[in-house]
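>>> sequence and predicted structure are below.
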Amino acid sequence: MAEKEKTGNMITRTFRYLEHFDEVLKDKAEKENSSINHIVSELIERYVNFIRYVEDDPIISLSYTSFKEILEDLTEEQIYFAGYRAGERKPKSALFIRVMIPSFESMEYFIRVILGEHNDCFEYTP
């Protein structure tokens, strides 16, 4: 699914943004040996495949340090049950929001593309 989307027809758009933003994007592109076009394309792809679906149920962003401190204050049992409850709800609702029928293939896509590629949670290898 993702491979087909990435090989679709490309279009050209013109954007205007603050000059300061361009300096930040140039620095990032240079550090990553990339281009501003590539960075902006990745941001748009992340929006299309992930962010727009969570706007009604906002997510929070925590540093690894803050998350670690929260986890250290929880018991193993509390962590287990929180994960279990979230695991019952979130995967199906994430598929339904994307108008996808729950199946092995749709869940594999969700894990590989949405969680792996767009959230940088991990690198998925089948």
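The structure has been received and is ready for your questions. Model, not experiment: these values are computed from the prediction.
>>> what score does residue 110 have for pLDDT?
Here the pLDDT value assigned to residue 110 is 80.
>>> how much space separates it from residue 64?
23 Å (CB to CB, to the nearest Å). For glycine as for every other residue, the C-beta is placed from the backbone atoms N, C-alpha and C.
>>> count the neighbours of residue 45 for me.
Using other CB atoms under 10 Å, the number of residues around residue 45 comes to 16.
>>> do the same with residue 95
18.
>>> now the helices for the chain?
For the chain, the helices defined by DSSP state H cover 2-6, 19-31, 36-46, 52-54, 64-72, 76-97, 104-109.
>>> how far does the fourth one sit from its chain's centre?
Shown here is helix 52-54, whose average C-alpha point lies 10 Å from the average C-alpha point of the whole chain (CA atoms, centre = their mean, to the nearest Å).
>>> average pLDDT for that helix?
Rounded mean pLDDT across helix 52-54 is 77.
>>> show residues contacting it.
94, 97, 98 (CB atoms under 8 Å, 6 or more residues apart in numbering).
>>> check the third one too.
Applying CB under 8 Å, 6+ apart, the contact partners of helix 36-46 are 15, 22, 25, 26, 28, 29, 32, 118.
>>> just those residues now: which is nearest residue 79?
Among the contacts of helix 36-46, residue 118 lies closest to residue 79 (CB to CB), at 24.6 Å.
>>> and that closest one, what's its pLDDT?
Residue 118 is given a pLDDT of 63.
>>> ok, residue 31 next?
96.
>>> and residue 64, how far from residue 74?
16 Å.
>>> please apply the same query to residue 36.
Distance check for residue 36 against residue 74: by CB to CB, it reads 42 Å.
>>> domain ranges for this structure, per the record?
Using automatic domain parsing, the domain parsing of the chain gives 16-59, 61-126.
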